[in-house]
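Got a predicted structure here, sequence first:
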Amino acid sequence: MDFLKHLNPGINTISSYEPGKSIADVVEKYDLDKIIKLSSNENSRGPSPKVLDLTHTYNNWHLYPDGDGKRLKSTISDLEEIEPDRIVLGNGSNEILDLVGQTFLSPESESIFSAHAFAVYKLVSQVRGCKYHEIPTKDWGHDLDAFLNHINEKTRVIFIANPNNPTGTYLSHNQIERFLNKVPSNIVVVIDLAYFEYVAADDYVRTNEITKNFSNVIITKSFSKIYGLSSMRVGYGFGSRDLIEILNRVRQPFNVNGLAQESAIAAIQDLDYLKESVKLNANGRESICQSLKAMNMDFIPSQGNFVCVETKIGGSNIFNALLKEGVIVRSLDLYAMPRHIRVTIGSEEENKFFIDKLDKVISS
Ligand SMILES: Cc1ncc(COP(=O)(O)O)c(C=O)c1O
């Protein structure tokens, strides 16, 4: 395999991303009447019925999508109160993370992100062959002072997930703002708000103040979580005109398909559905946390649609035991958290099923 000698720097260090197990994987392995998937932080309600209506009305299958995503950007522009030319669309917000890597990272540069943070930051750094710093967490949250201590003349990109996946911890507006004031403006800071809508904290990030004051910041958001559109692959980033213009140059011309664009528009327009999802998630999270307390199990307080639960016998043992019971959660070895599992908040019935089965496996 002579071509393997010529891999780009960094490629050899990558292991391919391991997604949460699918229902099909479990059906294949175990003979079960019921299987629930609480492993990838999806919205188990699915998307708004207004999105599902598109299944009957969408008729542009044969045409290339709008490469500039004008209608979707205009809808996001109203939502975020930011001009359309300060928005870049992505094939999931992952693509925006990758675009930042493509644009700013190389074997000569460095990136910074937290330990136990979303796996894709490491992936986009490794793929560009750059040196990366994974900063140990403080109480499972990002230690921004330690981030500052790792900045040097080679630093090009800093990634911050807020709330963080998988820990569910969050940073306040003031913490982020104080940090950004200390970061040199030649470093791009990605503030990844994939779980933005779920956050109830009063002191959470005020995105328009950040994009107004810091031209080196890009905020990313996703339609895969609260909007229930994971399969559509659509997300976006917004920030200063100069930064967004560069990313729009780098992205592929038709990176977001037509049905995904229409679905995202319909999803944003159904505010009642979104509010109901927020409410159900908050209630479900509260009820799961109460049950965990009653079972004497520790967990990390979460602002997202998931909770990290500490196990006494190791996350992958509990993960495997739950699989056999028809519950798919996430084991966190990939995130260097071998004692934890992460469970997505599901419907009331799914949450109860999870708790019943967890109780069963820890008692056996
Ligand atoms: C923190 C964080 N950012 C980004 C993403 C990627 O989401 P998308 O489906 O929009 O690519 C995820 C997905 O799990 C995530 O947890």
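Good, I have the coordinates.

residues in contact with E42?
S224, K225, G228, S230, T344 (C-beta atoms under 8 Å, 6 or more residues apart in numbering). For every residue, glycine as well, the C-beta is placed using N, CA and C.

try it again with 6 Å
Applying C-beta atoms under 6 Å, 6 or more residues apart in numbering to E42 gives the contacts S230.

Quick check: which element contains it?
Using DSSP states H and E, E42 sits in no helix or strand.

same thing with I341?
I341 belongs to strand 340-344, assigned by DSSP H and E.

which residues make contact with that strand from outside it?
38, 41, 166, 306-310, 315, 318-319, 329-332.

Let me know whether I187 touches N152 as I believe.
No - I187 is beyond contact range of N152, at 10.2 Å (criterion: C-beta atoms under 6 Å).

quick one, what contacts the residue in the stretch 1-150 of the chain positioned nearest to the ligand?
Closest contact between the stretch 1-150 of the chain and the ligand, by C-beta to the nearest ligand atom, is at G92 (2.7 Å). By C-beta under 6 Å, 6+ apart, the contact list for G92 reads R233, G235.

before we move on, back to that, please pull up the helix or strand immediately following the strand holding I341.
With elements assigned by DSSP H and E, the helix or strand that comes after strand 340-344 is helix 348-363.

Tell me the buried residues in that following helix?
Residues E350, N351, F353, F354, I355, K357, L358, V361 are the ones in helix 348-363 that count as buried (16 or more other C-beta atoms under 10 Å).

okay, those in TSV with distance to the ligand and pLDDT next?
Below are those laid out as TSV (distance: C-beta to the nearest ligand atom, whole Å; pLDDT from 0 to 100):
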residue	distance to the ligand	pLDDT
E350	18	98
N351	20	98
F353	22	98
F354	19	98
I355	23	98
K357	23	97
L358	22	98
V361	25	96
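
tell me the SS of Y170?
coil (DSSP: H, G, I helix; E, B strand; the rest coil).

which helix is the longest one in the chain?
Longest helix of the chain, by residue count under DSSP state H: helix 271-294.

What is that helix packed up against?
helix 348-363 (3 or more C-beta pairs under 6 Å, 6 or more residues apart in numbering; DSSP states H and E).

what helices or strands is the helix it packs on leaning on?
Partner elements for helix 348-363 (3+ C-beta pairs under 6 Å, 6+ apart): helix 271-294, helix 315-324.

repeat that with 10 Å
Here helix 348-363 touches strand 36-37, helix 271-294, helix 315-324, strand 327-328, strand 340-344, going by 3 or more C-beta pairs under 10 Å, 6 or more residues apart in numbering; DSSP states H and E.

Can you give me the buried ones in the third one?
For helix 315-324, burial by neighbour count (16+ other C-beta under 10 Å) applies to G315, I318, F319, A321, L322, L323.

any chance of those in CSV, plus pLDDT and distance to the ligand?
Below are the buried residues of helix 315-324 laid out as CSV (pLDDT from 0 to 100; distance: C-beta to the nearest ligand atom, whole Å):
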residue, pLDDT, distance to the ligand
G315, 96, 18
I318, 97, 21
F319, 96, 17
A321, 96, 24
L322, 96, 20
L323, 95, 20
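
farthest pair in the residues you listed?
Within those, G315 and L323 form the most distant pair, 12.4 Å apart (C-beta to C-beta).

Overlap of the contact sets of the two?
Both G315 and L323 are contacted by V329, S331, under the criterion C-beta atoms under 10 Å, 6 or more residues apart in numbering.

all helices for the stretch 101-250 of the chain, in order.
120-127, 144-149, 173-182, 207-213, 241-250 (DSSP state H, counting those that start in this stretch).

Point out the most buried one among these.
helix 120-127 (a mean of 22; mean count of other C-beta atoms under 10 Å).

tell me the mean pLDDT over it?
When pLDDT is averaged along helix 120-127, the result is 96.

which strands and helices sit next to that helix?
Using 3+ C-beta pairs under 10 Å, 6+ apart, the elements in contact with helix 120-127 are helix 93-104, strand 110-114, strand 131-135, strand 155-161, strand 188-192.

run the last query once more with 8 Å
Packing partners of helix 120-127 (3 or more C-beta pairs under 8 Å, 6 or more residues apart in numbering; DSSP states H and E): helix 93-104, strand 110-114, strand 131-135, strand 155-161.

Of all the ones you listed, which one is nearest V199?
strand 155-161 (12.1 Å).

Wondering if that closest one reaches the ligand at all.
Yes - Strand 155-161 is in contact with the ligand by C-beta under 6 Å from any ligand atom, via A161.

and the closest residue to Y227 other than its chain neighbours, what does it touch?
For Y227, ignoring the flanking residues on the chain, the nearest one in space by C-beta to C-beta, 6 or more residues apart in numbering is A267 at 4.2 Å. Counting by C-beta under 8 Å, 6+ apart, A267 touches P47, S48, K50, V51, F223, Y227, G228, L229, Y273, L274.

ok, back up a step: can I get the helices of the stretch 101-250 of the chain in JSON lines including distance to the ligand?
Formatted as JSON lines, the helices of the stretch 101-250 of the chain follow (distance: least, C-beta to the nearest ligand atom, whole Å):
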{"stretch": "helix 120-127", "distance to the ligand": "6"}
{"stretch": "helix 144-149", "distance to the ligand": "17"}
{"stretch": "helix 173-182", "distance to the ligand": "15"}
{"stretch": "helix 207-213", "distance to the ligand": "15"}
{"stretch": "helix 241-250", "distance to the ligand": "15"}
